[in-house]
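*Asks:* Sequence first, then the predicted structure:
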Amino acid sequence: MGVLRLRDFRLLLGAQAVSVLGDRMVAIALAFAVIELGGSASEIGIVLAVRTLPMIGTLLIGGVVADRVSRRAVMVAADLTRLLTQGAIGVLLVTGAAEVWMLALLSGFTGAATGFFNPASTGLLPSIVPPERLQEANGVRATALSGGEIAGPAVAGVLIAAFGPGWALTLDALTFAASALLLLRLRVPEREARAAPSTFLADLREGWGMFRSLTWVWTFVLAASASNLVWGAWTTLGPVIAERDLGGAAAWGTVLGAMGIGALVGGLLAVRVRSRRPLVLASLIYALFALPFAFLAVGAPVGLLAIGSLFAGIAMMLGNSVWEATLMRHVPRAALSRVSAYDWFGSIAFQPLGLVIWGPIAALIGISASLWVAFACVLVTTAFLIASPAIRELRDEAPPPAAQPAV
């Protein structure tokens, strides 16, 4: 893979891979930490929600900051913040001084730092990778991240069983230290000077104007927002079915593990897949998310559910890689972090709501009927994307043959 010959890409890839490994440990470690402290299921949900909501709240601010100053500096500052907050959680748990409200508060600071990190990361990649290699770079990155999706929960499970959740969260903190050290070694090209100074609010408005003017961007983000809202049905109703009909947590872990394997396959495919109409490809891929809902609705056995989950994992990584590469190629670099921030914000803004609504919906119409509603929503969202002229008409020109990059 030619993109791996790029020194700075290897450093960025390593930083993100080690960070994701730690991130995927957190949800499990935090849940068991709350249980260890005598907390309830509701308190687990509160801690995880408090971690997510500040991230949503800081995304737009983070996008503006990343387009105004060094994106690498923003990412390093976010990593150091998360090193402190996750490290503090680990120390509190290991020493026996933790309380549930402390976990929620510190997790909120971690989420806020992530809201700064993500738009800066999207904006940084095109500055160190040539345009003709962005699709390949996103595929390689997706492959590495999917490895973290698989390994993170497994490592967390071993550490929690052997030593307790505090040590798993301490290791997570150390992954942010490793990420910061790798990022500090990057040689990032100097940013072009701005034609005229501007205020923070002016930059925020400019980013919104750019986002709103690109119909293909906000159309796709709208569909992603709906998809994340619908995916809450899988997240909340799936474990209930697993406990009732499939044999419990071990069976559900098998299903989710298949999704991680699918994500790895999707990342590998993204390295090679090319399309002149990338968003049409991404839209069709996302239709695969309907499979898990249908299999859950009909009471399929674990093996068939794992197959559906596998295809969903492929769709997630391949579709996201195609989308991110398209965003990086077609959005002006000076505004990329701000547009990316609106992308992140719009895509996940309703995710917490999706975790809340499907339980009451299932209580009203039944679990199976709720899953068929989710199935139909996925297909309607796919049809909406394909029907959009902005999605169909966006084209990638065939890239020229790539020169061999310098090591």
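*Replies:* Arrived safely, thanks for sending.
*Asks:* show me the contacts for residue 4.
*Replies:* 10, 13, 140 (C-beta atoms under 8 Å, 6 or more residues apart in numbering). Placement of C-beta: from N, CA and C, glycine included.
*Asks:* Quick check: helices, which of those residues are part of them?
*Replies:* 10, 13, 140 (DSSP state H).
*Asks:* which ones are touching the second one?
*Replies:* Meaning residue 13. 4, 140, 141, 144.
*Asks:* That one and residue 122: what is the separation?
*Replies:* Computed with C-beta to C-beta, to the nearest Å, the distance linking residue 13 and residue 122 is 14 Å.
*Asks:* Same check on the first one?
*Replies:* Counting by C-beta to C-beta, the separation of residue 10 from residue 122 is 18 Å.
*Asks:* which of these two has more neighbours?
*Replies:* Per other C-beta atoms under 10 Å, whichever of residue 10 and residue 122 has more neighbours is residue 122, with 23 against 15.
*Asks:* The more buried one in helix, strand or coil?
*Replies:* helix (DSSP: H, G, I helix; E, B strand; the rest coil).
*Asks:* Could you say which helix or strand holds the residue lying closest to it once chain neighbours are set aside?
*Replies:* Closest residue in space to residue 122, ignoring its immediate chain neighbours: residue 340 at 3.9 Å, by C-beta to C-beta, 6 or more residues apart in numbering. Following DSSP states H and E, one finds residue 340 within helix 336-348.
*Asks:* who touches that helix?
*Replies:* Under C-beta under 8 Å, 6+ apart, the answer for helix 336-348 is 52, 55-56, 59-60, 62-64, 66-67, 71, 115, 118-120, 122-123, 126, 203-204, 206-208, 210-211, 214, 217-218, 221-222, 224-225, 228, 327-328, 331.
*Asks:* try 7 Å
*Replies:* If you take C-beta atoms under 7 Å, 6 or more residues apart in numbering as the criterion, helix 336-348 is touched by 56, 59-60, 62-64, 66-67, 71, 118-120, 122-123, 126, 203, 207-208, 210-211, 217, 221-222, 224-225, 228, 327-328, 331.
*Asks:* same thing with stretch 370-379?
*Replies:* 226-227, 230, 233, 237, 287, 289-290, 293-294, 296-297, 358, 361-362.
*Asks:* Which pair in these has the greatest spatial separation?
*Replies:* 287 and 362 (23.4 Å; C-beta to C-beta).
*Asks:* pLDDT weak spots in the stretch 251-400 of the chain?
*Replies:* Within the stretch 251-400 of the chain, the stretches with pLDDT under 70 are 252-253, 397-400.
*Asks:* in it, which spans are helices?
*Replies:* Using DSSP state H, counting those that start in this stretch, the helices found in the stretch 251-400 of the chain span residues 278-286, 290-297, 302-330, 336-348, 351-365, 367-387, 389-393.
*Asks:* mind putting these in a markdown table, mean neighbour count included?
*Replies:* Formatted as a markdown table, the helices of the stretch 251-400 of the chain follow (neighbours: other C-beta atoms under 10 Å):
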| stretch | mean neighbour count |
| --- | --- |
| helix 278-286 | 23 |
| helix 290-297 | 24 |
| helix 302-330 | 23 |
| helix 336-348 | 25 |
| helix 351-365 | 16 |
| helix 367-387 | 18 |
| helix 389-393 | 15 |
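*Asks:* wait, which of the ones you listed is closest to residue 176?
*Replies:* helix 336-348 (19.1 Å).
*Asks:* any idea which of the contacts of residue 4 is least confident?
*Replies:* Lowest pLDDT of those: residue 140, 79.
*Asks:* wait, isn't that residue in contact with residue 2?
*Replies:* No. Contact between residue 140 and residue 2 fails when scored by C-beta atoms under 7 Å: they sit 10.1 Å apart.
*Asks:* between these two, who's got more neighbours?
*Replies:* residue 140 (23 against 14).
*Asks:* about what we covered before: any idea which of the helices of the stretch 251-400 of the chain gets closest to residue 199?
*Replies:* helix 336-348 (13.7 Å).
*Asks:* how about the strands of the stretch 1-150 of the chain, start to end?
*Replies:* For the stretch 1-150 of the chain, applying DSSP state E, counting those that start in this stretch gives no strands.
*Asks:* Output the below-cut-off pLDDT ranges for it.
*Replies:* Ranges of the stretch 1-150 of the chain meeting pLDDT under 70: 1, 28, 40-45, 149.
*Asks:* 50 - rerun?
*Replies:* For the stretch 1-150 of the chain, no stretch has pLDDT under 50.
*Asks:* ok, which stretches of it are helices?
*Replies:* 7-36, 41-68, 71-94, 100-128, 134-162.
*Asks:* Make JSON lines out of those helices and add distance to residue 186.
*Replies:* Below are the helices of the stretch 1-150 of the chain laid out as JSON lines (distance: least, C-beta to C-beta, whole Å):
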{"stretch": "helix 7-36", "distance to residue 186": "5"}
{"stretch": "helix 41-68", "distance to residue 186": "14"}
{"stretch": "helix 71-94", "distance to residue 186": "6"}
{"stretch": "helix 100-128", "distance to residue 186": "7"}
{"stretch": "helix 134-162", "distance to residue 186": "14"}
